[in-house]
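need a 3D model of the following:
(2 chains)
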Amino acid sequence: MFTGSLAAMAIGRDKQGGLPVFSRTYAEINERLRTGRAVVVTAEEIIPIARELGVRRAARSVDVVTTATYAPMCSSGAFLNFGHADPPIRMSRILLNNVPAYGGIAAVDCYIGATEPSLDRGPRYGGAHVIQALVDGEAVRLDASSAGTDCYPRKRAVTEVKLSDLNQAYLYNPRNCYQNYGAAANTSNRRLHTYMGVLEPDLGNVTYCSAGALSPLLNDPYYRTVGIGTRIFLGGGTGFVAWQGTQHNPARERSANGVPVGGAGTLALVGDLNQMSSRYLTAASFSGYGSTLFVGVGLAIPILDEEMLAHAAVDDSQIFTDVYDYAVPARDRPSLGRFSYRQLRSGQICIRGKTVRTAPISSLQRAREIADVLKGWMLGGLFQLTQPVDPLPGTGTVRPLNVVSVQRKEGVV
Amino acid sequence: MRARTLPRHERGPVVLDQTRCVHCGLCTGVCPPLALTMDRQSWTLVYDAGKCTGCGACTGACPLGALSAASNG
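Next up is the predicted model:
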């Protein structure tokens, strides 16, 4: 499956030559971690190492590369179990700090989504804020109601709950860690309020959302070492890759180095809220859009061979994305140009002859911190690598929602 | 918890709450006088109170509520 182009290019530049074919296993790396002999560096630190030593020697020198991201990820939320009241209730309508949670599962389970808005505080407060309140140890008002049944006779329960009161509370995020993402701009004459932030009129700014060279799936573009069951840093604790994320799209156009140009692979993540911290799991609200959750994710990439090192040594100049025009109210917005993350990080790019300011949404400062924390965990013997139980799909694409045909069928249009 | 803000001599028409700021940098794209910029080494937010005009564009753009208009008091 692997095209090997980046490794081939990199190896071609390597002047060391003459080294035998090299590979190492997860077990060998874990043994080196256990005995304190492993070399762990971040995805930013590996770049100058690979330049200095060349890919072949760098691969032999480094065991693990840590990657990270910390950015708003709307497809996030938490499953909670409240325990049973006496008499018991089958909660069907559930409010947490007046934010609706989904109760269409078992009697005292619910799912609180990050973007669910409050009934009384508007879009500035939502499910993400409830999740952060729980993580911070705050009391959250629970108001649950039901029609009542013979087996669950209670019709209403109003109380306060803290994270420590709950039987289970785990983050389950259907889509995190987007492997690259399109940047946003606005050619219209009015300000747009979007999940990509405020977009000023007449190409007043460009916003982009990726940790670039530090971003997890950009360092393992073909998902060789990340899959179902992979242990990760999630929100300050340890979590796991549960499944492919929604809208997982490995078929996205890729550069010669294998890195997708735009949104491609995604991960569904799961982890215990009790281990998490609001430093790495932070509620936010975008003006005119609503609430979302900044999620901190760290992924450790084992350097199994030279190919993995070549991928992990990717830098911002080798990762590209398109800038899309959000003024066009369509699913497939037109591209205003393709730029590298080095260009985007410079603070300005040129679109249609105009110099446009660029601003990140993903916090590189916090992502660096997470990559360092994960590195520390590994060097301290607190975190071992896990071989995926099953790989993520390497093929497949994303289907659009065809609304028009249904509207015609029902005579809506 | 009391918000930790910038020292008085660095304050301008806008107050940056360092306890809320995650240094994403989104505000830097909407600040007309470039009073908010990113340090390109540390990727932390830098606020230059001397350049700030108090237009308020950043306060609406910050998703963390870390930027607010300073009180007159």
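
quick check: residues of chain B near chain A?
B:22-30, B:37-38, B:40, B:42-44, B:57, B:60-61, B:63-65 (CB under 8 Å from any CB of the partner chain). In short, each C-beta sits where N, CA and C put it, glycine included.

got a ChimeraX select line for the buried ones in these?
Provided next is the ChimeraX selection string for whichever of these are buried by 16 or more other CB atoms under 10 Å in any protein chain shown:
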select /B:22,23,24,25,26,27,28,29,30,37,38,43,57,61,63,64
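
out of the residues of chain B next to chain A, list just those in strands.
B:37, B:38 (DSSP state E).

of the residues of chain B next to chain A, which belong to helices?
B:57, B:60, B:61 (DSSP state H).

with pLDDT added, can I get those in JSON lines?
Listed next are those as JSON lines, based on pLDDT from 0 to 100:
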{"residue": "B:57", "pLDDT": "94"}
{"residue": "B:60", "pLDDT": "93"}
{"residue": "B:61", "pLDDT": "95"}
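
tabulate those residues (JSON lines), appending distance to residue A:173.
Shown next, in JSON lines, are these (distance: CB to CB, whole Å):
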{"residue": "B:57", "distance to residue A:173": "31"}
{"residue": "B:60", "distance to residue A:173": "27"}
{"residue": "B:61", "distance to residue A:173": "25"}
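
closest to residue A:39 out of those?
Among these, residue B:61 lies closest to residue A:39 (CB to CB), at 41.3 Å.

return the distance of the helix or strand harbouring residue A:56 from the chain's centre.
Assigning secondary structure by DSSP states H and E places residue A:56 in helix A:55-61. In terms of CA atoms, centre = their mean, to the nearest Å, the centre of helix A:55-61 is found 29 Å from the chain centre.

so where does the closest residue to residue A:103 other than its chain neighbours fall, helix or strand?
Sequence neighbours aside, residue A:94 is the residue nearest to residue A:103 in space, at 4.4 Å (criterion: CB to CB, 6 or more residues apart in numbering or on different chains). Take DSSP H and E as the rule and residue A:94 turns out to sit in strand A:93-96.

now for the helix or strand just after that strand, which elements pack on it?
Counting by DSSP H and E, the next helix or strand C-terminal to strand A:93-96 is strand A:99-101. The contact analysis (3 or more CB pairs under 8 Å, 6 or more residues apart in numbering or on different chains; DSSP states H and E) places strand A:99-101 against strand A:93-96, strand A:109-113, helix A:127-135.

so residue A:376 sits in a strand?
No: Residue A:376 is assigned helix when assessed by DSSP: H, G, I helix; E, B strand; the rest coil, not a strand.

what mean pLDDT does the helix or strand that residue A:299 is a member of get?
Here residue A:299 sits within strand A:290-302, counting by DSSP H and E. For strand A:290-302, mean pLDDT is 98.

tell me which other helices or strands whichever helix or strand comes after it touches.
Sequence-wise, the next helix or strand downstream of strand A:290-302 (DSSP H and E) is helix A:306-312. If you count contacts as 3+ CB pairs under 8 Å, 6+ apart, helix A:306-312 packs onto helix A:5-13, helix A:46-53, helix A:55-61, strand A:64-72, strand A:290-302.

check contacts around the residue nearest to residue A:156 when sequence neighbours are not counted.
Of all residues not flanking residue A:156 in the chain, residue A:145 sits nearest, at 4.8 Å (CB to CB, 6+ apart). Contacts for residue A:145 (CB atoms under 8 Å, 6 or more residues apart in numbering or on different chains) come out as A:91, A:92, A:93, A:155, A:156, A:157.

residue A:89 is in contact with the last one, correct?
Yes: judged on CB atoms under 8 Å, residue A:157 makes contact with residue A:89 at a distance of 5.2 Å.

who touches both of those two?
residue A:144.

which one's more surrounded, those two?
residue A:89 (22 against 19; other CB atoms under 10 Å in any protein chain shown).

how about residue 46, what does it touch?
You didn't say which chain, so I picked chain A. Residues in contact with residue A:46 (CB under 8 Å, 6+ apart) are A:58, A:62, A:65, A:309, A:312, A:313.

chain B, not that one
Neighbour list for residue B:46: B:36, B:37, B:38, B:39 [criterion: CB under 8 Å, 6+ apart].

tell me the residues of the stretch 1-150 of chain A that contact chain B?
For the stretch 1-150 of chain A, the residues in contact with chain B (CB under 8 Å from any CB) are A:70, A:71, A:72.

show me what the residue nearest to the last one when sequence neighbours are not counted is bridged to.
For residue A:72, the nearest residue in space outside its immediate sequence neighbours is residue A:292; the separation is 4.3 Å by CB to CB, 6+ apart. Applying DSSP bridges to residue A:292 yields these beta-bridge partners: residue A:284.

could I get the pLDDT score of the closest residue to chain B within chain A?
Going by CB to the nearest CB, chain B is nearest to residue A:359 of chain A, at 2.8 Å. As predicted, residue A:359 sits at a pLDDT of 98.

likewise for residue A:244?
If you check residue A:244, the pLDDT there is 97.

go on, residue A:15?
Looking at residue A:15, the pLDDT reads 47.
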